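J.: structure, please.
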Amino acid sequence: QVQLVESGGGLVQAGGSLRLSCAASGSIFSINAMAWYRQAPGKQRELVATITSGGLTTYADSVKGRFTISRDNAKNTVYLQMNSLEPEDTAHYYCNAPGVLTTARSYLGVWGQGTLVTVSS
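T.: As a prediction, this is how the structure comes out:
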């Protein structure tokens, strides 16, 4: 069993910053890529950023230059630093680990429960 737990969401004014965290726990042997997604009301879930175990990152065009994804492999934790927030960034943010290798040597895809980010204008 593997779980992802997000934290750090909340209400912030436009131009402000928030830092999201996602901690993985359970029967983990290793985690390759991790990612952040978001889903705004009435919209489809979209990919925000990804990071490999080696630290290679990708970003959606809408967040490039404002958001930074990072991870601490020793803690099985991924972060999303969000700066210069805009009302359009308002959404539920979800952590995803598509390929968790468990101690039983099986692969799992895992999602967190989400954390709400609200940006006021």
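J.: run through the helices of this structure in chain order.
T.: Using DSSP state H, the chain contains no helices.
J.: contacts only, for the residue lying farthest from the centre of the chain.
T.: Outermost residue of the chain with respect to the C-alpha centroid, by C-alpha atoms, centre = their mean, is Ala104; its distance is 25.3 Å. Contacts for Ala104 (C-beta atoms under 8 Å, 6 or more residues apart in numbering) come out as Ser27. The C-beta positions use only the backbone N, C-alpha and C, and glycine is treated the same way.
J.: how about 10 Å then?
T.: 27, 29 (C-beta atoms under 10 Å, 6 or more residues apart in numbering).
J.: can you check Gln81 too?
T.: 8, 17-20, 66-70.
J.: and with 6 Å instead?
T.: Contact partners of Gln81, counting by C-beta atoms under 6 Å, 6 or more residues apart in numbering, are 19, 68.
J.: what pLDDT is listed against it?
T.: In this model, Gln81 is scored at 98, pLDDT.
J.: also the one 10 residues further on?
T.: With respect to pLDDT, Ala91 scores 98.
J.: that one touches Arg38, doesn't it?
T.: Yes - Ala91 lies in contact with Arg38 (C-beta atoms under 6 Å); the separation is 3.9 Å.
J.: give me the common contacts of the two.
T.: With C-beta under 6 Å, 6+ apart, Ala91 and Arg38 have no common neighbours.
J.: given the lengthiest strand in the chain, what are its sheet partners and their directions?
T.: If you go by DSSP state E, the chain has its longest strand at strand 91-102. In the sheet containing strand 91-102, the strands it pairs with under DSSP bridges are strand 28-31 (antiparallel), strand 34-39 (antiparallel), strand 107-111 (antiparallel), strand 115-120 (antiparallel).
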